[in-house]
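Enquirer: need a 3D model of the sequence below.
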Amino acid sequence: QLQLVESGGGLVQPGGSLRLSCVASGSTLDNYAIGWFRQAPGREREEVSCIGSSGVSAYADSVKGRFTISRDNAKNTVYLQMNDLKPEDTAVYSCASEYYYCSGDEKAFGSWGQGTQVTVSS
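Expert: Presented below is the predicted three-dimensional model:
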């Protein structure tokens with residue numbers, strides 16, 4: 001069973017940047033797709049980005065051009081580089097895993113991390 005731990009969240013001013021990390025243990029990441037999700041208070045959880053085992057990535061329209069997902073299988077880690085952050089990006093960000101490719105179906109993600117808080121405020 002894959003265990004996931006997120007880090008890198010914090011408080012940042014609008015226009016600033018953060019890099020989130022999702023570190024896996026219990027298995028290698030090679031055969032897994034990793035998705036980043038976020039949930040703001042009073043809102044449904046949404047998928048922000050996903051990267052498949054082959055490296056193919058996808059992004060929500062709201063973050064295209066600002067966020068970049070990447071993976072380092074040697075470090076068992078997936079990153080989410082977030083630039084030009086906006087107040088509406090404030091949320092708890094979680095990573096989750098599914099096999100091989102990004103299906104776009106939240107129910108397909110089997111292992112979830114605990115999340116890291118990102119707050120964008122002046």
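Enquirer: where do the strands sit along the protein?
Expert: For the chain, the strands identified by DSSP state E occupy 3-7, 10-12, 18-25, 32-39, 46-51, 57-59, 67-72, 77-82, 91-99, 111-112, 116-120, in order along the chain.
Enquirer: which neighbours does the first one have in its sheet, and in what orientation?
Expert: The partner list of strand 3-7 in its sheet, established with DSSP bridges, is strand 18-25 (antiparallel).
Enquirer: buried set for the partner strand?
Expert: By 16 or more other C-beta atoms under 10 Å, the buried positions in strand 18-25 come out as 18, 20-24. Just so you know, the C-beta spots here come from the backbone N, C-alpha and C atoms, and that holds for glycine as well.
Enquirer: ok, now stretch 70-83?
Expert: By neighbour count, with 16+ other C-beta under 10 Å as the criterion, the buried positions of stretch 70-83 are 71, 76-80, 82.
Enquirer: same check on stretch 115-122?
Expert: Under the neighbour-count criterion of 16+ other C-beta under 10 Å, stretch 115-122 has 115-116, 118, 120 buried.
Enquirer: list the contacts of it.
Expert: 6-14, 16, 18, 20, 38-39, 82, 85-94 (C-beta atoms under 8 Å, 6 or more residues apart in numbering).
Enquirer: which among those end up buried?
Expert: Buried members of the contacts of stretch 115-122, counted by 16+ other C-beta under 10 Å: 6, 8-9, 12, 18, 20, 38, 82, 85, 89-94.
Enquirer: circling back to that earlier point, export the strands of the chain to a markdown table and tack on mean pLDDT?
Expert: As requested, the strands of the chain are exported to a markdown table (pLDDT from 0 to 100):
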| stretch | mean pLDDT |
| --- | --- |
| strand 3-7 | 97 |
| strand 10-12 | 98 |
| strand 18-25 | 98 |
| strand 32-39 | 98 |
| strand 46-51 | 98 |
| strand 57-59 | 97 |
| strand 67-72 | 98 |
| strand 77-82 | 98 |
| strand 91-99 | 97 |
| strand 111-112 | 96 |
| strand 116-120 | 98 |
